[in-house]
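In: Below are the sequence and a predicted model; questions follow.
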Amino acid sequence: MKTRVQRRLVTLVLAIVAAAIGIALLTLKSQWRAGELRGQLNQVDSESFRIADQFGGLLRGLNDTLYHYGRSHVSPDLEAFEKTSQALNVWIDEQKPRLRTEREIDVMERIDVSYDRYLKVARALLIRLQSIGDASATVDEYTELRAETQRLFSLGQELARAHLASRDQVLTRANDAINELRVLVLVSLALLCVFSAALGLLIYRDMIVPLRVKLVESESLRERQEKLASLGVLAAGVAHEIRNPLTALKAALFIDQKRIQAGTREEASAKLINREILRLERILNDFLGFARPVDSKLARATADIPLKEVHALLAPELAKSDLRLVLGETPPIPILVDEEQVRQVLINLVRNAADASKPRGVITLRARSGRRLLKAKDLPVAILEVEDEGEGISPEVQKRLFDPFFTTKKTGTGLGLSIAARIVESHGGVLEYQTARGLGTTFGLVLPAAAATAPASGD
């Protein structure tokens with residue numbers, strides 16, 4: 001009897017050990033798989049937006065050169081046109097070997113053909129512009145060029161969409177992997193329950209629950225990235241569709257401004273239109289900033305450096321609005337960050353604080369050390385805070401505070417906090433806040449602290 005019991009106990013222990021090993025392997029596999037899928041998605045997104053941005057930038061450079069030549073008739077514009085047109089030709093040839101799908105190759109061939117037509121129209125336009133001497137070109141001179149430009153921009157967007165289509169394959173593999181892991185976890189749970197309720201409960205508590213959390217996080221990450229990517233594609237598409245006619249309006253305005261006499265009502269109207277065009281361009285840049293994946297170039301620094309730089313930059317500006325920007329305690333806590341991105345987040349938070357502050361209000365910048373649970377680990381962190389004395393944030397607004405395109409401002413785009421949160425998350429941290437009605441709000445950038453012995457970039 002004793003031998004039989006021992007045999008059963010040994011069998012149970014071996015089964016539990018085998019189940020534990022299986023669960024451990026599942027944990028490692030899920031972490032590796034989530035990292036691999038995240039890398040693949042980021043790579044596809046980065047490459048897609050890189051292609052669209054590079055193509056659009058080179059094409060806009062050609063158009064700007066032609067518009068400028070139509071006004072000034074200087075030979076450097078001709079040289080710049082030839083140089084930029086050759087660069088775009090080389091870029092098209094370089095992209096062809098990198099394309100993987102038939103759809104991408106087909107779109108690139110159409111771009112090549114359309115670009116040849118564009119160059120033919122552009123060179124014909126240059127001949128006409130040279131023939132009119134020093135006179136400024138009219139808007140009608142550019143009609144055919146604008147049509148070819150619109151066709152090329154549309155093909156550029158189609159190429160980016162074709163490249164993004166490959167992300168669907170990545171998402172399909174992600175779904176299959178998550179489903180496979182879920183089945184394996186359920187099997188392990190069933191075996192543990194059969195072998196021993198007590199030991200099964202212990203293993204479930206110490207290993208299965210964290211594993212299920214990781215699976216939920218992986219699935220939530222996939223859904224969130226899919227949603228943000230879709231919004232990003234929409235934002236980029238809208239931005240590019242608006243930028244094309246906006247560029248034409250800007251060019252037409254510049255041409256007409258040369259004919260407007262100073263001090264007239266027409267000049268005041270032209271200045272107003274120009275200001276509104278610049279404001280629209282800033283909004284479009286926000287859209288494109290949201291659409292692009294965050295690419296953080298981390299370097300060692302200390303928490304006081306970006307706070308001091310933001311204080312020096314914004315304190316004089318806020319003083320004109322009867323607001324004080326105060327620098328509190330800023331210990332040199334070592335951190336590993338992209339300083340430019342952290343400054344961008346802090347500037348956004350300070351401007352939000354200024355909008356929420358009353359006259360003669362005080363906005364405080366400070367840094368402090370602490371500990372936070374980041375990615376299921378209790379880590380030492382540096383917390384960079386922006387505190388205001390405004391009215392606080394209502395519960396209704398808090399529910400949607402970080403939603404893209406949600407804003408309570410009349411002129412805001414609703415992307416500032418969304419972009420800020422993504423930047424902080426790309427650093428392995430989190431953007432947190434504390435608010436109380438009538439007392440104000442404090443936003444904190446929670447960033448993992450670097451090793452205390454690591455040298456800082458500001459030393």
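Out: Right, received. Where do you want to start?

In: Where does pLDDT dip in the stretch 201-350 of the chain?
Out: When residues are selected by pLDDT under 70, those of the stretch 201-350 of the chain lie in 201-244, 246, 279, 282-295.

In: for it, what spans make up the helices?
Out: 209-257, 265-291, 304-319, 339-356 (DSSP state H, counting those that start in this stretch).

In: For the strand ranked longest in the chain, which strands pair with it and how are they oriented?
Out: The residue-count maximum for a strand in the chain (DSSP state E) belongs to strand 362-374. Strand 362-374 pairs in its sheet with strand 324-327 (parallel), strand 377-387 (antiparallel), by DSSP bridges.

In: Just name the most buried of the ones you listed.
Out: Among those, ranked by average contacts under mean count of other C-beta atoms under 10 Å, first place goes to strand 377-387 (a mean of 20). Backbone N, C-alpha and C define where each C-beta goes, glycine included.

In: Show me what the following helix or strand past that one is in contact with.
Out: Counting by DSSP states H and E, the next helix or strand C-terminal to strand 377-387 is helix 395-398. Helix 395-398 has contacts (C-beta atoms under 8 Å, 6 or more residues apart in numbering) with Thr408, Thr435.

In: This structure - how does it break down into domains?
Out: 1-293, 299-448 (automatic domain parsing).

In: Ok, which of the strands paired with strand 362-374 comes nearest Thr441?
Out: Across those, Thr441 has its closest neighbour in strand 377-387 (7.5 Å, C-beta to C-beta).

In: tell me what the helix or strand where Arg110 lies is packed against?
Out: Here Arg110 is covered by helix 102-131, with elements defined by DSSP H and E. Taking 3 or more C-beta pairs under 8 Å, 6 or more residues apart in numbering; DSSP states H and E as contact, the helices and strands that helix 102-131 lies on are helix 2-72, helix 75-95, helix 143-164.

In: and it, which residues are buried?
Out: 103-104, 107-108, 111, 114-115, 118-119, 121-122, 125-126, 129 (16 or more other C-beta atoms under 10 Å).

In: cool, stretch 60-74 as well?
Out: For stretch 60-74, by 16+ other C-beta under 10 Å, it's 60-71, 73.

In: ditto for stretch 75-85
Out: Asp77, Leu78, Ala80, Phe81, Thr84, Ser85.

In: Distance check, the first one against Ala122.
Out: Think Asp77. 12 Å (C-beta to C-beta, to the nearest Å).

In: what's the answer for Leu384, then?
Out: From Leu384 to Ala122 the distance is 50 Å (C-beta to C-beta).

In: Same question for Ile347.
Out: 40 Å.

In: again with Glu425
Out: Distance from Glu425 to Ala122, by C-beta to C-beta: 44 Å.

In: Ok, Thr441 next?
Out: 53 Å.

In: go on, Lys399?
Out: From Lys399 to Ala122 the distance is 52 Å (C-beta to C-beta).

In: so which of the strands paired with strand 362-374 comes closest to Lys358?
Out: Comparing these by C-beta to C-beta, strand 324-327 comes nearest, at 11.8 Å.

In: Contacts only, for Arg437.
Out: Counted by C-beta under 8 Å, 6+ apart, Arg437 has contacts Glu391, Gly392, Ser394.

In: right, and the first one touches Gly438 too?
Out: It stands for Glu391. Yes: using C-beta atoms under 8 Å, Glu391 makes contact with Gly438 at a distance of 6.2 Å.

In: Give the residue from those two that has the larger number of neighbours.
Out: Glu391 (16 against 8; other C-beta atoms under 10 Å).

In: Quick one, grab the pLDDT at that one.
Out: We note a pLDDT of 88 for Glu391 in this prediction.
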